[in-house]
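*Asks:* structure for the following, please:
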Amino acid sequence: MTAVPKTPHHLLTVAEYAELGEDDRHRYELQEGSLVVSPSPSPDHGAALLALATQIAPQLPRHLEQLLELDVDLALVPADRPGFVRRPDLIVVDRKARQRVRQDGGLLRASEVVVVVEVVSPGSRRIDHVIKRDEYADAGIPHYWIVDLDEPVSLLACHLAEPFGYQDPGDVAGEFVTEVPFPVRLRLDELVE
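*Replies:* Numbers count the residues shown, from 1 in each chain. Sure, this is the predicted structure:
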């Protein structure tokens, strides 16, 4: 799709959302059946995301891969109900997930996501820290990392702690190091120049 789609006259299912196609100028997500439109990210957001992906890539185990800005069906409701689809900045999935989409079609599924990453934009702070945090936890995504580009650049690493939703140890600045869900060391101060 190259233009903003005509506003639907009903709440969308995930399948109806998927039929809308792509648009290079806007980011679309589906929140309880309602189409949510956001402007394209800023150049700083894009540069930080690329730098983050560049750091993560060589540290991933062979069975995992990272994908950028792709739709994920959160599967929070039955397929015939108004759905939830998010387009995270970065996701880490088992390599089999992309093969499944290639063979069977459809969207990536929350159950295939190991880590979801959002880079906070000026208009997304509450959405990333509250709304998406709740949705990703409800969808059962085990790890949610929130990267904030405000100085000092920081990362909030949330992990699913059933039945309490996500728990986190607080923001980390400078260097983020973890062994779970895979060993990784990220230089956060190198995300913004």
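
*Asks:* can you pull out the strands in the protein?
*Replies:* Assigned by DSSP state E, the strands in the chain fall at 26-31, 34-39, 64-68, 72-73, 85-86, 90-94, 108-109, 113-119, 143-148, 154-160, 166-167, 172-173, 175-178, 184-187.

*Asks:* what's the nearest residue to residue 77 if we skip its chain neighbours?
*Replies:* Computed as C-beta to C-beta, 6 or more residues apart in numbering, the closest residue to residue 77 that is not its neighbour in sequence is residue 83, at 6.0 Å. (C-beta placed from N, C-alpha, C; glycine too.)

*Asks:* so which of the strands of the chain gets nearest residue 129?
*Replies:* Across the strands of the chain, residue 129 has its closest neighbour in strand 143-148 (6.5 Å, C-beta to C-beta).

*Asks:* one step back: what about the residue nearest to residue 77, how many residues nearby?
*Replies:* Using other C-beta atoms under 10 Å, residue 83 has 25 neighbouring residues.

*Asks:* ok, it to residue 18 distance?
*Replies:* 10 Å (C-beta to C-beta, to the nearest Å).

*Asks:* one more: residue 144?
*Replies:* 23 Å.

*Asks:* in terms of neighbours, single out the busier of these two.
*Replies:* Legend: neighbour count by other C-beta under 10 Å for residue 144 and residue 18, higher for residue 144 (26 against 17).

*Asks:* wait, that one sits on residue 138?
*Replies:* No. Residue 144 is not in contact with residue 138 according to C-beta atoms under 8 Å; the separation is 11.4 Å.

*Asks:* relative to strand 143-148, how tilted is the lengthiest helix in the chain?
*Replies:* In the chain, ranked by residue count with DSSP state H as the criterion, the top helix is helix 43-56. Helix 43-56 runs at 140 degrees relative to strand 143-148, counting by axes from the mean of the first three to the mean of the last three C-alpha atoms, to 10 degrees.

*Asks:* what is the mean pLDDT for helix 43-56?
*Replies:* The average pLDDT within helix 43-56 is 97.

*Asks:* contacts for that helix, please.
*Replies:* The contact list for helix 43-56, computed with C-beta atoms under 8 Å, 6 or more residues apart in numbering, reads 41, 66, 68, 89-90, 92, 117, 119, 121, 147, 149, 153, 184, 186-187, 190-193.
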